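# only geometry, no sequence info:
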């Protein structure tokens, strides 16, 4: 799968947040998007998945097919998955029922998948160190922050998307939970899976080793490179980004 974003712009009411984002992510690649708070990272994730709270223009192609006018569930049906920065609770809907319904919606004709659903779910819960009793708990209702983030990765393991965006999935995790979340992402990693990690910190990247790193500044991706960019941010912060690109932004 190839995800190609061309000149993506976005607004919330009168606030112009994304100002021409260009990005290509291919299956088999892990990309990282970094930037200061307010730079537009989460807005970009929401626009990729058709959040109706935003007005947006530009082009988002999946294997050459334009999806920018598709509804969120239609994008999910094409193999896209978003791990939310703040997963919401859904009282009244159990984890097992939620996952079964979504799984069968995405794979309506795959009888083998349907037959092995419960077995795969239980094995994946063990892999993510999630208590089996969570199957009958309401989704994210009363879950801790770490439990919610592990539940997001469990959903990925069950649904097997082709492309995932993880929006600050590492935020608030202790070191043990971080290792478990990273392990879940690595379990999916392969030639038929691509991911974009949105993060502020290097620590999850030490486990996932992204090949591509992008820096967002005031609604634009201003620098792309390899892991050396993360090391530079860890050492110097974002001051050099503001010095290098602030003047250009002010005059654009």
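Received it, and whenever you're ready, just let me know what you need. Quick caveat, the model's predicted, so the values are computed rather than measured. Numbering: from 1, shown residues only.
# Does residue 217 touch residue 245 like I think?
Yes: between residue 217 and residue 245 there is a contact at 5.2 Å, judged by Cβ atoms under 8 Å. C-beta: built from backbone N, CA, C; applies to glycine.
# which residue ranges form the strands in the stretch 51-200 of the chain?
Secondary structure of the stretch 51-200 of the chain (DSSP state E, counting those that start in this stretch): strands at 55-62, 65-66, 80-83, 90-94, 138-139, 163-167, 194-198.
# Show me what the third one is packed against.
Read it as strand 80-83. helix 41-48, helix 145-159, strand 163-167 (3 or more Cβ pairs under 8 Å, 6 or more residues apart in numbering; DSSP states H and E).
# Residue 138 is nearest to which of the ones you listed?
Closest approach to residue 138 among the helices and strands packed on strand 80-83 is made by helix 145-159 (11.4 Å; Cβ to Cβ).
# Now the closest one: average pLDDT?
Mean pLDDT, helix 145-159: 95.
# Okay, now the unreliable bits of the stretch 101-250 of the chain?
Residues of the stretch 101-250 of the chain that meet the criterion pLDDT under 70 lie in 247-250.
# Next, name the residue at the spatial heart of this structure.
For the chain, residue 165 is the residue whose C-alpha lies nearest the centre (Cα atoms, centre = their mean; 1.7 Å).
# hang on, that residue packs against residue 45?
Yes: if you go by Cβ under 8 Å, residue 165 and residue 45 touch, sitting 4.9 Å apart.
# what sits in contact with each of those two?
When contacts are counted by Cβ atoms under 8 Å, 6 or more residues apart in numbering, residue 165 and residue 45 are jointly contacted by 82, 196, 198.
# Tally up the residues packed near the last one, please.
This points to residue 198. 24 (other Cβ atoms under 10 Å).
# and it, what is it in contact with?
So, once contact is read as Cβ under 8 Å, 6+ apart, residue 198 ends up touching 32, 33, 34, 41, 42, 45, 85, 165, 166, 167, 168.
# From residue 21, how far out is residue 215?
Between residue 215 and residue 21 the computed distance is 12 Å (Cβ to Cβ, to the nearest Å).
# Number of residues surrounding residue 8?
The burial count for residue 8: 23, using other Cβ under 10 Å.
# swap in the one 10 residues further on?
If you count neighbours by other Cβ under 10 Å, residue 18 ends up with 26.
# Can you classify it as helix, strand or coil?
With DSSP: H, G, I helix; E, B strand; the rest coil as the basis, residue 18 sits in strand.
# what helix or strand is the residue lying closest to it once chain neighbours are set aside on?
Using Cβ to Cβ, 6 or more residues apart in numbering and skipping the chain neighbours, the partner closest in space to residue 18 is residue 10 (3.9 Å). Assigned by DSSP states H and E, residue 10 belongs to strand 2-12.
# partners of that strand, with directions?
strand 15-26 (antiparallel), strand 55-62 (antiparallel) (DSSP bridges).
# List the buried residues for the last one?
Read it as strand 55-62. Buried residues in strand 55-62, counting neighbours by 16 or more other Cβ atoms under 10 Å, are found at 56, 58, 60, 62.
# what angle do it and helix 41-48 make?
Computed by axes from the mean of the first three to the mean of the last three Cα atoms, to 10 degrees, the angle separating strand 55-62 from helix 41-48 equals 70 degrees.
# Tell me the buried residues in stretch 155-171?
Applying 16+ other Cβ under 10 Å to stretch 155-171 flags 155-170 as buried.
# before we move on, what about stretch 230-237?
230, 232, 233.
# next one: stretch 23-41
Applying 16+ other Cβ under 10 Å to stretch 23-41 flags 23, 25, 27, 29-36, 39-41 as buried.
# Now, the residues you listed that are in strands?
Under the assignment DSSP state E, the buried residues of stretch 23-41 contribute 23, 25, 30, 31, 32, 33, 34 to strands.
# The residues you listed: which two are farthest apart?
For these, the farthest-apart pair by Cβ to Cβ is 25 and 34; their separation is 15.0 Å.
# Fine by me, we can end here.
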